[in-house]
Every structure is written in structure tokens, then in C-alpha cells.
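1. quick one: sequence plus predicted model below, questions after.
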Amino acid sequence: MAEPDDTTISLAIKGDTLAFDALLRPQLASAYRVALLLLGDPGEAEDAVQEAALRAWTKLRQLRGGPAAFRTWFLRIVVNECRMARRRPWWAVFRIGAPAAKVGFGEEETVGRLDLLQALAALPEVDRTALFLYYYLDLPIEEVARVIGISVRGSKSRIHRALVRLRPGLDLEEPLP
């Protein structure tokens, strides 16, 4: 499939589902990973991405910047859907989590992983989001800033502060770009 262009956006705005699919499909895996990391539940993450896709379809006319801006625009919708899902009352949806799969980690690795997951969970949501977008999805710092709606300098500071909170005394090997 060819790289999406302005024609693809135009066709999608006019209701062409194949054109919208060409824009959306490459973004779904990243969107799901962000939602899963923010919500912590695979079912809720799928729901958030599905809601974000529907919202993107209905709001496609609001996209500015053409196909190159679609990823950032869509990820921002996903992040907002995750925020809204977090605001819903706890009793709105009650799910029993699946039993944890036994993974081949030793006790030391498991404890370290749990420590990291607990430290990540303790961070404010916007800090976790910035870390995930930058380190997990490898988005450029400029795109991280656009997705979370702050300046580039602000996103660099947020990522740095989040890393410092994760591991007291953590030294960054490389400065952020």
C-alpha cells in the first residue's frame, strides 16, 4: 500500500472508508500500546483505541497538517480517550482481571520488574504518557510535545523529572535532544 497523501485525507473526509483505513491502520499498534500502558487493562485499551478511531473518523475534518500530522493527531485522541476512561466511576465497568501468566523470570528479575511497574504507576499520568511516547514508541521529542499538548522544552523537562522520580539518583547517560 502506498504512503498516504493529501488525496487520501480528502477521500477519507468525503467518507471513503478505504482511505481512512490507509491512514489509521499503521497507527493502531502504537495507539494500542499507549492505551495499554496508560490503562493497564487490555480490554480497556482496545475500547479506548476503538473509541479514538471512531472519534477520529467523525472529526477528520479537524485534522491540520495532512497525512504527516495524522499520527500525532490520532495519538492525542487516544491519550484523551484514556484520560476519559480513567474518569469514569469505578462501578461503571467491573472486570475481573485475567490471572497473571507465569513468565520465565527469576525472582530477582520479577522483583525488579514489579518495582519498576509500581514506580511507573506512581507517576502522574502525563509523566507516564511522555515517557511511554518517547522511550517505548520512540517518537521524536517534538511529536511527544504535540501529543501531550505542551512545548518541546516542557516535554524534555517532564521526561527528565519523571526519570528522576523513577530512580532516585538516576543519571541520564545521554541528554535529551
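-> All right, it came through fine. Numbering: from 1, shown residues only.

2. what about the most centrally placed residue in the chain, distance to Tyr136?
-> The centre of the chain sits closest to Val34, judged by C-alpha atoms, centre = their mean, with a distance of 2.7 Å. Between Val34 and Tyr136 the distance, using C-beta to C-beta, to the nearest Å, works out to 8 Å. Using the backbone N, CA and C atoms, a C-beta is placed for each residue, glycine as well.

3. from Leu11, how far off is the residue lying closest to Leu120 once chain neighbours are set aside?
-> For Leu120, ignoring the flanking residues on the chain, the nearest one in space by C-beta to C-beta, 6 or more residues apart in numbering is Arg128 at 5.9 Å. As judged by C-beta to C-beta, Arg128 and Leu11 stand 36 Å apart.

4. and the contacts of stretch 148-163?
-> Contacts of stretch 148-163 with the rest of the structure, by C-beta atoms under 8 Å, 6 or more residues apart in numbering, involve 76, 79, 123, 126-131, 133-134, 141-142, 144-145, 170, 172, 176.

5. now with 10 Å, please.
-> Contacts to stretch 148-163, defined as C-beta atoms under 10 Å, 6 or more residues apart in numbering, come from residues 75-76, 79-80, 119-120, 123-131, 133-135, 139-147, 170-172, 175-177.
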